[in-house]
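Asker: My questions are about this predicted structure, shown below with the sequence.
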Amino acid sequence: MSVHQTPAQAMLRIAELVREARARAGLRQDELAFASGVSTRLVHSIEAGKPTVRVDGLVRVLAALGLTLETSSTASDSTGSAPARNNT
């Protein structure tokens with residue numbers, strides 16, 4: 001993921017990764033929410049790419065899918081990216 005993405009662009013990419021991982025796991029949104037300990041509404045918001053979701057909830061959903069949130073920064077640009085990564 002490029003460090004030059006806006007937060008909204010980064011969240012749309014994370015949304016795509018979460019939807020794909022959930023589909024691979026064969027889970028419905030409500031099942032992922034239960035496994036993550038979050039509301040179905042939060043899972044829906046993450047998958048819709050809403051940039052205002054709470055980070056703690058996002059991290060719980062990612063963990064339930066075997067994904068992590070990673071940040072990085074470069075010397076020439078202090079903005080970090082936050083791609084979801086598959087741990088497998």
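Answerer: Structure's in. What do you need?

Asker: Flag the shaky bits of the chain, pLDDT-wise.
Answerer: Scanning the chain for pLDDT under 70 picks out 1-3, 74-88.

Asker: which residue is nearest the centroid of it?
Answerer: Closest residue to the average C-alpha location of the chain: residue 14 at 4.1 Å, with CA atoms, centre = their mean.

Asker: if I read this right, that residue contacts residue 47, doesn't it?
Answerer: No - assessed by CB atoms under 8 Å, residue 14 is found out of contact with residue 47, at 9.3 Å. Where C-beta positions appear, they are placed from N, C-alpha and C, glycine not excepted.

Asker: mind listing the helices for the chain?
Answerer: With helices called from DSSP state H, the chain shows them at 7-25, 29-36, 40-47, 55-64.

Asker: In JSON lines: those, plus distance to residue 71.
Answerer: Formatted as JSON lines, the helices of the chain follow (distance: least, CB to CB, whole Å):
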{"stretch": "helix 7-25", "distance to residue 71": "10"}
{"stretch": "helix 29-36", "distance to residue 71": "21"}
{"stretch": "helix 40-47", "distance to residue 71": "17"}
{"stretch": "helix 55-64", "distance to residue 71": "11"}
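
Asker: right, so of those helices, which gets closest to residue 73?
Answerer: Smallest distance to residue 73 across the helices of the chain (CB to CB): 13.6 Å, for helix 7-25.

Asker: Determine how far that closest one lies from the middle of the whole chain.
Answerer: 6 Å (CA atoms, centre = their mean, to the nearest Å).

Asker: Just list what that helix packs against, helices and strands only.
Answerer: Helix 7-25 is packed against helix 29-36, helix 40-47, helix 55-64, strand 67-69, strand 84-86, with contacts defined by 3 or more CB pairs under 8 Å, 6 or more residues apart in numbering; DSSP states H and E.

Asker: Report the inter-axis angle for that helix versus helix 55-64.
Answerer: Compare the direction of helix 7-25 with that of helix 55-64 by axes from the mean of the first three to the mean of the last three CA atoms, to 10 degrees and you get 30 degrees.
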